[in-house]
Every structure is written in C-alpha cells, then in structure tokens.
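Undergrad: A structural model of the following input is requested.
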Amino acid sequence: MRNKKNFNIKRISKLINTYINKKKIPGAVFGVVNIKKKKTIISDGYRQLINKKIKVNNATTFDLASLTKVLFTTHQILKLHSKKILNINDLVSLYIPDFCQYDYNSWERKVSIKDCLSHHTNFPAVEPIYTYGNDPDTLRAFILQRRWKKNKSVYSDINFILLGIVLERIYKKSITKIPTGYNFSFNPLSKNIAATEICKWRNRIICGETHDENAFALKGSGHAGLFGNADSILNFAFDMLNNNISKEHSKLIKNKIYRNRSCGWEVSYKNWSGGNYCSKEAIGHTGFTGTGLWIDFKNKLAWTLLTNRVHPSRHTDSGIQELRSKVGDLVIQDCVL
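TA: Here you go, the predicted structure:
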C-alpha cells in the first residue's frame with residue numbers, strides 16, 4: 001500500500017452529510033494527515049442548534065471527552081517514564097502515599113500505573129462522583145479513601161482520574177495548570193466551540209465547559225475535560241506517526257498489554273471503532289461526546305472525526321459507532337489503497 005498524491009474524501013464527506021441530514025448528529029469535522037504532513041480538514045453541519053443555529057467550521061473547538069486520556073494523560077505519563085521521573089511499573093501508591101491510607105493491604109494500593117493505563121484494574125467503569133459534593137479537594141479525598149468494590153477488569157474512568165492525581169502530585173499543581181502542548185486546553189478561550197448537552201444537573205446548555213460531570217466537579221481530571229480542534233489533533237498524530245517521541249514511548253502505545261489495549265490506547269481488532277481495513281499496527285481512542293482519533297502506523301496516516309453527537313441530548317440514537325467504523329473503512333480505501 002502507498003499513499004495517493006491527493007486524499008479522496010468525497011465519499012467520507014457524503015457519508016458525514018448523510019448522518020447530519022438524518023439528524024443523527026448536528027455537525028462534524030473530519031481530518032486526515034499522512035507521514036509527510038499532507039493534511040486535509042473538512043466540516044459540515046452545526047456546532048449549536050439550541051437558541052441559535054451556528055455553523056461548524058474547520059477550526060471549531062470540541063470537548064474531546066475521553067480523548068483526554070491519550071492526548072494528555074497517557075502522553076504526559078509516558079514522557080515522564082521516558083525521562084525516568086516515574087516508572088509505569090511503579091504502584092500508584094508510591095506517588096499517592098495517602099491512597100487508601102487506612103488499609104495498607106487493600107487491593108487498591110497494589111494497582112500500578114501500567115495497570116491504570118491499560119485498564120487492567122478492578123475499578124468500576126464509572127461512578128457519579130459529582131453527586132458526593134461540590135468541593136474538588138473533598139472529592140479527590142473521597143476517590144482516594146473510598147474502599148472500591150472489586151469488579152471485573154473493564155475500561156474505567158477511575159483509572160485515569162487516579163493518573164491525573166499522580167500528575168498533580170508530581171508537578172505539584174492542578175492538572176489544568178500543567179502545559180498541554182498542541183494548543184489543547186482545559187480552559188478554552190475560543191468562542192468557536194461546539195455545544196454539547198442540555199445538562200439537567202447544571203440547568204444549562206454546556207458549551208465551553210466540560211461536559212463530563214465528574215471532570216467538571218473535580219475542576220480538572222485525567223479522564224476527560226480537554227478541548228481542541230482537528231488541526232491540533234492531527235499535529236499530535238503527525239508526531240506519533242513520525243516517532244517524534246522516545247522509542248520506549250512509541251513501543252508502549254503500539255504493543256498490546258491487556259486484551260486489546262496498550263498504554264492508554266486501543267490496538268486494532270475486528271469490528272473496532274476504526275473500521276475493518278486498518279492494519280494490525282493501528283491504534284485509536286474515542287470520546288463520549290462523539291470524538292475520535294485513529295493512527296495507522298503501517299499505512300502511515302491518521303484521521304480524526306469530531307462530532308457533537310450529545311447535542312442537545314445523549315439520549316438519542318446518533319449512530320456514532322457505525323459512523324466511526326464506516327469513516328475508518330473509507331479512509332483506508334480512499335486515502336491509502
């Protein structure tokens with residue numbers, strides 16, 4: 001396989017437009033970049049429908065939701081690992097000594113950073129932490145001192161909330177004050193931001209503030225809350241494609257550790273979010289708000305699909321999983337083959 005001189009994105013554009021016209025999603029931005037930094041970005045639909053219809057454009061900023069886990073938290077942890085400031089095989093409790101401080105024999109204190117990165121722990125998928133109070137320091141204490149019920153290993157936000165606290169302890173500052181790179185931000189200043197949900201808890205349309213309730217209540221977290229646009233995401237992906245990171249960093253994001261997961265990322269498998277035509281050397285991640293990034297190292301390109309599929313409500317059939325897969329298939333068919 002080799003890259004064509006020009007990306008053929010006509011079918012991708014038509015597919016996205018179909019989902020918008022069927023009112024599955026309000027709007028979307030799609031972008032693709034190859035190893036030579038040839039980049040194409042397109043947009044369609046609306047970034048906001050309620051009160052006033054506002055068109056999306058190529059520069060629209062999105063709430064990236066769980067892409068925070070790979071674009072920021074994993075990236076930061078692995079940079080520190082490469083610099084030998086931490087070791088991913090270390091226990092989380094080494095950096096958070098007060099973690100489950102009332103029971104030094106608890107299973108939680110035996111969890112490693114690598115376990116959290118690969119979701120090989122026994123924490124629940126999610127917990128409504130925001131319902132336990134509105135003080136971020138108290139909520140952090142609650143997370144650290146709660147005796148968590150031991151569950152089967154699943155993809156868990158708790159893993160990355162803990163990793164966010166590890167970063168805060170190392171940097172000695174709030175996670176929102178740690179430099180993000182690539183023009184990402186936990187506190188976006190742009191007015192060109194895609195709206196997400198009408199939040200029943202906050203009693204307003206969410207736009208420019210974190211959609212994820214726990215990340216909002218914690219006032220910064222390692223699992224969600226990052227904002228960025230397609231150009232920033234593709235610049236990040238370009239650096240991954242060109243191995244503008246340490247060899248160890250590159251190895252840790254590409255190689256499976258547990259099930260279909262590497263450090264932070266999913267590694268391609270049959271019927272995954274990136275479609276069925278990716279190489280075995282592809283990695284990716286998605287975000288609840290309707291975002292996603294996929295990097296195919298063998299085919300030497302990466303793509304992002306950013307939608308505001310939760311606007312104005314998450315309780316609709318957006319078809320986002322099917323859309324992601326179809327887009328991924330068309331990327332490999334039309335931009336590589």
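Undergrad: For the rest of this, base every contact and every neighbour count on C-alpha atoms.
TA: Will do.
Undergrad: Please name every helix or strand in contact with the strand or helix carrying residue 14.
TA: In this structure, residue 14 sits in helix 10-21 according to DSSP states H and E. Helices and strands touching helix 10-21, as assessed by 3 or more CA pairs under 8 Å, 6 or more residues apart in numbering; DSSP states H and E, comprise strand 39-48, helix 320-335.
Undergrad: closest to residue 91 out of the ones you listed?
TA: Nearest to residue 91 among these is helix 320-335; the distance by CA to CA comes to 34.5 Å.
Undergrad: So what touches the closest one?
TA: With CA atoms under 8 Å, 6 or more residues apart in numbering as the test, helix 320-335 has contacts from 3-4, 6-9, 11-12, 15-16, 19, 271-278, 290, 292, 303, 305, 309.
Undergrad: Make a ChimeraX selection of the buried ones in those residues.
TA: Filtering the contacts of helix 320-335 down to the buried ones (16 or more other CA atoms under 10 Å) takes a single ChimeraX command:
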select :3,7,8,9,12,16,19,272,273,274,275,276,277,278,290,292,303,305,309
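Undergrad: How is this protein partitioned into domains?
TA: 10-68+188-212+226-335, 70-177 (automatic domain parsing).
Undergrad: related to what we said a few turns ago, and the contacts of helix 320-335, which of them are in helices?
TA: With helices taken from DSSP state H, the overlap with these comprises 11, 12, 15, 16, 19.
Undergrad: Save those as CSV, and put in distance to residue 29 and pLDDT too.
TA: Shown next, in CSV, are the ones in helices among the contacts of helix 320-335 (distance: CA to CA, whole Å; pLDDT from 0 to 100):
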residue, distance to residue 29, pLDDT
11, 14, 97
12, 11, 98
15, 12, 98
16, 9, 98
19, 13, 98
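Undergrad: Next, count neighbours for residue 21.
TA: When neighbours are counted by other CA atoms under 10 Å, residue 21 registers 12.
Undergrad: pLDDT wise, what is it at?
TA: pLDDT, residue 21: 98.
Undergrad: Likewise for residue 5?
TA: 61.
Undergrad: try residue 336
TA: Looking at residue 336, its pLDDT stands at 85.
Undergrad: Quickly note the distance from it to residue 279.
TA: In this view, residue 336 and residue 279 are 11 Å apart by CA to CA, to the nearest Å.
Undergrad: If you count surrounding residues, which of the two has more?
TA: Counted by other CA under 10 Å, residue 336 and residue 279 do not tie: residue 336 has more neighbours, with 19 against 16.
Undergrad: Wait, that one touches residue 299, no?
TA: Yes - Residue 336 is within contact range of residue 299, at 6.8 Å (criterion: CA atoms under 8 Å).
Undergrad: Which one of the ones in helices among the contacts of helix 320-335 is nearest to residue 63?
TA: The closest of those to residue 63 turns out to be residue 16 (CA to CA; 19.1 Å).
Undergrad: just checking, the closest one touches residue 26?
TA: No - look at residue 16 against residue 26 with CA under 8 Å: they stay out of range, at 10.4 Å.
Undergrad: Determine which of the helices and strands packed on helix 10-21 approaches residue 155 most closely.
TA: Nearest of these to residue 155, taken as CA to CA: helix 320-335 at 16.7 Å.
Undergrad: That closest one vs helix 10-21, what angle?
TA: Counting by axes from the mean of the first three to the mean of the last three CA atoms, to 10 degrees, helix 320-335 lies at 160 degrees to helix 10-21.
Undergrad: What residues sit buried inside helix 320-335?
TA: So helix 320-335, judged by 16+ other CA under 10 Å, has buried residues 320, 323-332, 334-335.
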